[in-house]
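# Provide a 3D model corresponding to the input given below.
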Amino acid sequence: MWLASLALPAAEVNGSLRLIGHRVFMLGIDALGSGIPGWLANPTCALAVIAGLLGRMRLATALAGAALLLAVSSYRAPAMARANGVPIEEVVFDAGFFLWLAANSLIFATSVYGLMRAARR
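This is a model prediction of the structure:
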């Protein structure tokens, strides 16, 4: 799901610049300098998956929750960018963004399920 999000249209900036998911991923690390933390959802989510695979369900759930919050913060990207002097007036999200958000949500839901299952034992 996450990999598929990289191949789909993800955002349109200022009504003219259309970005595919892999381009948003590449540009996202630069956005950290503009006060936009959404890109950090990617490594945080990867750490959550690793923690889950290692059976560390509390850590996996905490990391997945943090990743989801970071991902959702992308909705505030235009305001955060403007506050830091970046001329972004409008961002319209597209299928790749929503698939990326769904992947983060699924990893969070899976980690919560794993945590609940571990607690029952």
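# Could you use CA atoms for every contact and neighbour count after this?
Noted.
# what residues are up against Arg18?
Applying CA atoms under 8 Å, 6 or more residues apart in numbering to Arg18 gives the contacts Pro9, Ala10, Ala11, Glu12.
# Switch those residues over to JSON lines; also include neighbour count.
Below are the contacts of Arg18 laid out as JSON lines (neighbours: other CA atoms under 10 Å):
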{"residue": "Pro9", "neighbour count": "20"}
{"residue": "Ala10", "neighbour count": "24"}
{"residue": "Ala11", "neighbour count": "22"}
{"residue": "Glu12", "neighbour count": "16"}
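# Determine which two of the residues you listed are furthest apart.
Pro9 and Glu12 (8.3 Å; CA to CA).
# those strands in the chain, which residues are they?
9-13, 17-20, 91-93 (DSSP state E).
# how about those in JSON lines, adding distance to Ala81 and mean pLDDT?
Shown next, in JSON lines, are the strands of the chain (distance: least, CA to CA, whole Å; pLDDT from 0 to 100):
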{"stretch": "strand 9-13", "distance to Ala81": "12", "mean pLDDT": "93"}
{"stretch": "strand 17-20", "distance to Ala81": "16", "mean pLDDT": "92"}
{"stretch": "strand 91-93", "distance to Ala81": "11", "mean pLDDT": "91"}
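# a markdown table please, covering these and showing distance to Gly55.
Output for the strands of the chain, formatted as a markdown table (distance: least, CA to CA, whole Å):
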| stretch | distance to Gly55 |
| --- | --- |
| strand 9-13 | 33 |
| strand 17-20 | 34 |
| strand 91-93 | 34 |
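# how far off strand 9-13 does the helix ranked longest in the chain point, in degrees?
Longest helix in the chain, counting residues (DSSP state H): helix 95-120. Using axes from the mean of the first three to the mean of the last three CA atoms, to 10 degrees, the inter-axis angle of helix 95-120 relative to strand 9-13 is 120 degrees.
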